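Peer 1: Structure, please.
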Amino acid sequence: MNSSDQRIQRSSNTISRRSFVQGVAAVGVFDIVPRFVLGGQDHTAPSEKLNIAGIGVGGMGFTNLQAMASENIVALCDVDDEYAAKAFQMFPNATRHRDFRRMLDTQKEIDAVMIATPDHTHAIITLAAMQMGKHVYCEKPLTHTIGEVRMITKAARESNVATQMGNWGHANPDARLINEWIWDGAIGNVRAVHVWTDRPLPYPGWTKRSTRPKETPPVPATLDWDLWLGPAPERPYHPDYLPGVRWRPWFDFGTGALGDSIIHNIEPAYWALGLDKTHPISVHASSTEVYAETYPKASIIHYDYPARGDAPPLTITVYDGGLMPPRPEELGPDRKMRTNGILFEGDKGKLLCGGWSSVPELLPESRMREYKRPPETIPRSEGHRLEWINACKTGNPTGSDFAYASGLTELVLLGNVALRSGRNAQLDWDGPNMKVTNVPEANAFLQKEYRKGWALDA
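Peer 2: Numbering: from 1, shown residues only. Just a heads-up that it's a prediction; the model follows:
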C-alpha cells in the first residue's frame, strides 16, 4: 500500500438535509424502482468483467467477494486492517483504502461496489455510490432507520443502477418452493404466520453487556476508530463493539436480532403473500427489559395487516432470543421444533420450514404424502451474487433489488421502533406517510442524528 492510499482524507460527499427530508416525504417505500429492467434502454454495460470494490471486507464481506471473484476486484476498503487481512491476501492486486469516500473519489474505474459494513453505515455508503453511478450490492438490512429506507429507494429510482440486498436466501430454491406451494393453494388462505430465531442468545460474538463499557482501552494500531464510528455519535473504543458482529445489539450500530436473522426467516412470507405491495397497519411488541443502549435479550412482535384484495387479514408474529410459537399439534409428539423457522397457518392446513434454507413440509405428514406438487413457476437462480453481477452487465432484474428489499427492511425496522417505544407498545402505522399515529414520541425512532462531518446535511 503506498502512502497516498494510507492517508485518510475526509471528503465532502454529503447530502443536504433538505434533500433528505424532501426525499422521505415524497416517496413511499413502494413507490420506487420498478422490478423490470433496471438499466433501461440507456443502460451502458461495462466491460466483460466488472471492476468491483469491496467496502467492509472481513466477515460476510469476504464471503461475498469470494462469490464475486470471477470479476475484477480492483479495490478493498476496510477500517480494520487485521480483520480484513484475509481479503487483502486473497486479492493482492486490489488497491487498499480505509475511507470509502477517498476510494470513490480516486478510483474512477470502479463499476460496482459490495457493501458489508455494520448497519449504521449502510445508507451513507450506498447513497454515495449510487449518486456516482455505481451498481450496489449491500448487505441486509439495507439501512439503519426507516427514514434512510425511504431516501435510499428514492435514490435507487433516480440513479438507474443495478441493486441487490444481501438476503441471499431469496435465491435459495427452497424459498421458491414455499411460494409455489402457497400460490398453488396448498394450505388455502393464509391468516397467520409465525417466524422465530434463536438469535441473539446463542450467537457467538454478540456482546452480553446491557450498558456502555466504562473502560477505555487504547485503540489498536490496525484500526481507524473514527472511520468505524462514521455517522454514529462519538464514544470511546471498546472491543465489545468489534471485531466481528459484536456491534449488532447496540442501538447506535446494529438492528438486533430482527435485522440479523429475522429478516432472513420472515422473507418467505413477505414474498409469498405479496407484502412488498402493502404496509402493516399496526405493530405490537413485548420483550424482556429494553436497555438504554442495546436491544432486549428476547422479544415477541406482532404485525397486523388488513385484508388485501381476495386475501384475508393477516397477523405475523415474530419471536427471537429462543422464544418460539406454540408447538403445532400436527407435528406429532416425537419431532423437535427447529431453532429457526417459519410456520404458515392457512384455512386448509399448515406449512412448516426451517427458515428460508430448508425444504418446506405440509402438516401433518399425511398431507405431505398426498400433496401433488405444482410445476415450477419461478425461475431458479444462478446465485444471489451472480444475479447482481449479471444485472450490472445486462440490465436484467435481480431478485432482491432495492425496490423489493426496501419494504422487507422497513418491516423489520418497524419492529425495532415498537421495541424501543416500550415493553408492551402497540403502534398504529401509517405506512404511506411514514408516521406512527397513536404514539407520537415513537416517530423519533424513524430517524437518527448524524455525527458532524457525516450527517446527511450540508
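
Peer 1: Geometric centre of the chain: which residue is closest?
Peer 2: residue 141 (1.6 Å; CA atoms, centre = their mean).

Peer 1: So it is in contact with residue 407, correct?
Peer 2: No - with contact taken as CB atoms under 8 Å, residue 141 and residue 407 are classed as non-touching, separated by 11.4 Å. Where you see a C-beta, it was placed from the backbone N, CA and C, and this is true even at glycine.

Peer 1: where does the stretch 301-450 of the chain have low pLDDT?
Peer 2: 355-357, 423 (pLDDT under 70).

Peer 1: just the strands in it please.
Peer 2: Under the criterion DSSP state E, counting those that start in this stretch, strands of the stretch 301-450 of the chain are mapped to 314-319, 341-346, 349-353, 361-363, 424-430, 435-436.

Peer 1: possible to save the ones you listed as a markdown table with mean neighbour count and distance to residue 194?
Peer 2: Compiled in a markdown table, the strands of the stretch 301-450 of the chain are given as follows (neighbours: other CB atoms under 10 Å; distance: least, CB to CB, whole Å):
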| stretch | mean neighbour count | distance to residue 194 |
| --- | --- | --- |
| strand 314-319 | 21 | 5 |
| strand 341-346 | 23 | 4 |
| strand 349-353 | 22 | 10 |
| strand 361-363 | 20 | 13 |
| strand 424-430 | 17 | 19 |
| strand 435-436 | 18 | 25 |
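
Peer 1: and of these, who's closest to residue 175?
Peer 2: Residue 175 lies closest, by CB to CB, to one member of the strands of the stretch 301-450 of the chain: strand 349-353, at 8.7 Å.

Peer 1: Measure how far that closest one is from the centre of its chain, please.
Peer 2: 25 Å (CA atoms, centre = their mean, to the nearest Å).

Peer 1: got a list of what the residue found closest to residue 376 once you drop the neighbours it is linked to in the chain touches?
Peer 2: Computed as CB to CB, 6 or more residues apart in numbering, the closest residue to residue 376 that is not its neighbour in sequence is residue 180, at 6.7 Å. Residues in contact with residue 180 (CB atoms under 8 Å, 6 or more residues apart in numbering) are 373-374, 376-378.

Peer 1: And residue 68, how far from residue 49?
Peer 2: 10 Å (CB to CB, to the nearest Å).

Peer 1: So between the two, which is more surrounded?
Peer 2: Ranked by neighbour count (other CB atoms under 10 Å), residue 68 and residue 49 place residue 68 first, with 20 against 14.

Peer 1: For that one, which residues are in contact?
Peer 2: Residue 68 neighbours (CB under 8 Å, 6+ apart): 52, 114, 385, 389.

Peer 1: what's the closest of the residues you listed to residue 447?
Peer 2: The closest of these to residue 447 turns out to be residue 114 (CB to CB; 26.7 Å).

Peer 1: Which secondary structure state does the closest one sit in?
Peer 2: Reduced to three states with DSSP: H, G, I helix; E, B strand; the rest coil, the structure at residue 114 is strand.

Peer 1: That one against residue 51, yeah?
Peer 2: No - between residue 114 and residue 51 there is no contact under CB under 8 Å: 11.8 Å.

Peer 1: So which of these two has more stuff around it?
Peer 2: Between residue 114 and residue 51, counting by other CB under 10 Å, residue 114 is the more crowded of the two (28 against 18).

Peer 1: so the more buried one bridges to which residues?
Peer 2: Per DSSP bridges, the residues bridged to residue 114 are residue 54, residue 137.

Peer 1: tally of neighbours for residue 276?
Peer 2: Neighbours around residue 276, by other CB under 10 Å: 17.

Peer 1: Check the gap between it and residue 402 for me.
Peer 2: From residue 276 to residue 402 the distance is 11 Å (CB to CB).

Peer 1: Name the nearest residue to residue 406, sequence neighbours excluded.
Peer 2: Residue 406's closest residue in space is residue 153 (CB to CB, 6+ apart), at 4.5 Å.

Peer 1: doesn't residue 402 make contact with that neighbour?
Peer 2: Yes - Residue 153 is within contact range of residue 402, at 5.9 Å (criterion: CB under 8 Å).

Peer 1: circling back to that earlier point, find the residues that touch each one of residue 68 and residue 49.
Peer 2: By CB under 8 Å, 6+ apart, residue 68 and residue 49 have no common neighbours.

Peer 1: domain ranges for this structure?
Peer 2: 3-169+383-400, 171-203+254-370 (automatic domain parsing).

Peer 1: Could you export those to CSV, including columns for distance to residue 441?
Peer 2: Shown next, in CSV, are the domains of the chain (distance: least, CB to CB, whole Å):
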stretch, distance to residue 441
domain 3-169+383-400, 15
domain 171-203+254-370, 14
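
Peer 1: so which of those comes closest to residue 224?
Peer 2: Of the domains of the chain, nearest to residue 224 by CB to CB is domain 3-169+383-400, at 4.5 Å.

Peer 1: Show me what residue 427 bridges to in the sheet.
Peer 2: When bridges are taken as DSSP bridges, the partners of residue 427 come out as residue 283.
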